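Colleague: Predicted model, plus sequence, below.
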Amino acid sequence: MTQQHDLFTDLLRTADYMNVYASQCKNSENQLRLRLEEAEANLSTARGDNEALRADLAEAKSREESMDARLHEAENEMALLRGREELEADYQKQVDDMFFFGYRCCMKKHGIKRDVPSIPPGKEKKLLDKPAS
C-alpha cells in the first residue's frame with residue numbers, strides 16, 4: 001500500500017509538472033502569437049510607408065524631369081539669345097563698316113584727303129578774326 005501511495009504521489013507530482021509545463025507552453029505560444037501579430041502589424045505599417053515613399057519618389061522623379069525639361073529649355077533659350085547677340089553684333093559691325101566705307105568713298109569723290117580740315121598757319125588768324133555770319 002505504501003508502494004501504491006508513493007506511486008500515486010509520483011503520478012500526482014508528474015501531473016502537476018505536466019500542468020505547469022503545459023501552462024508554460026501555452027503562455028509561450030500566446031507570447032509568440034502576440035509577437036507574430038505585432039510583427040504583422042509592423043509589416044503592414046511598413047508596407048503602407050513603403051507605398052507612400054514610392055508615391056513620393058514618383059512625384060520627386062516627375063518634378064526632377066520637369067526641372068530638367070525647364071533647364072534644357074532655358075539652356076536652349078540662352079543659346080538662341082547668344083546666337084542672336086552674335087548676329088546683332090555682326091550686323092552692327094557690317095553697318096559700321098558700310099558707313100566708314102561710304103564715308104571714305106564720299107571723301108575720295110570730293111577730293112578730301114584728310115577728314116580733319118587743315119588750315120594753313122597764316123589763314124588761321126584771319127578765320128578767327130572774321131565775324132560769324
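Modeller: All right, it came through fine. Residues are numbered from 1 along each chain as shown.
Colleague: average model confidence for the biggest helix by length in the chain?
Modeller: What stands out as the longest helix in the chain, according to DSSP state H, is helix 2-109. Averaged over helix 2-109, pLDDT sits at 91.
Colleague: helix or strand right after it?
Modeller: The first helix or strand that comes after helix 2-109 along the chain, using DSSP states H and E, is helix 121-129.
Colleague: who's in contact with that next one?
Modeller: Helix 121-129 has contacts (Cβ atoms under 8 Å, 6 or more residues apart in numbering) with residue 119. For glycine as for every other residue, the C-beta is placed from the backbone atoms N, C-alpha and C.
Colleague: Pull that helix out as PDB, backbone CA atoms only.
Modeller: This file holds the C-alpha atoms of helix 121-129, laid out as PDB (Å, rounded to 0.1, in the frame of the first residue of the first chain):
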ATOM      1  CA  PRO A 121      49.100 128.800 -90.300                       C
ATOM      2  CA  GLY A 122      48.600 132.300 -91.800                       C
ATOM      3  CA  LYS A 123      44.900 131.900 -92.600                       C
ATOM      4  CA  GLU A 124      44.000 130.600 -89.100                       C
ATOM      5  CA  LYS A 125      44.200 134.100 -87.600                       C
ATOM      6  CA  LYS A 126      42.100 135.600 -90.400                       C
ATOM      7  CA  LEU A 127      39.400 133.000 -89.900                       C
ATOM      8  CA  LEU A 128      39.300 133.600 -86.100                       C
ATOM      9  CA  ASP A 129      39.100 137.400 -86.700                       C
END
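Colleague: Share the number of residues neighbouring residue 37, please.
Modeller: Counted with other Cβ atoms under 10 Å, residues neighbouring residue 37 total 10.
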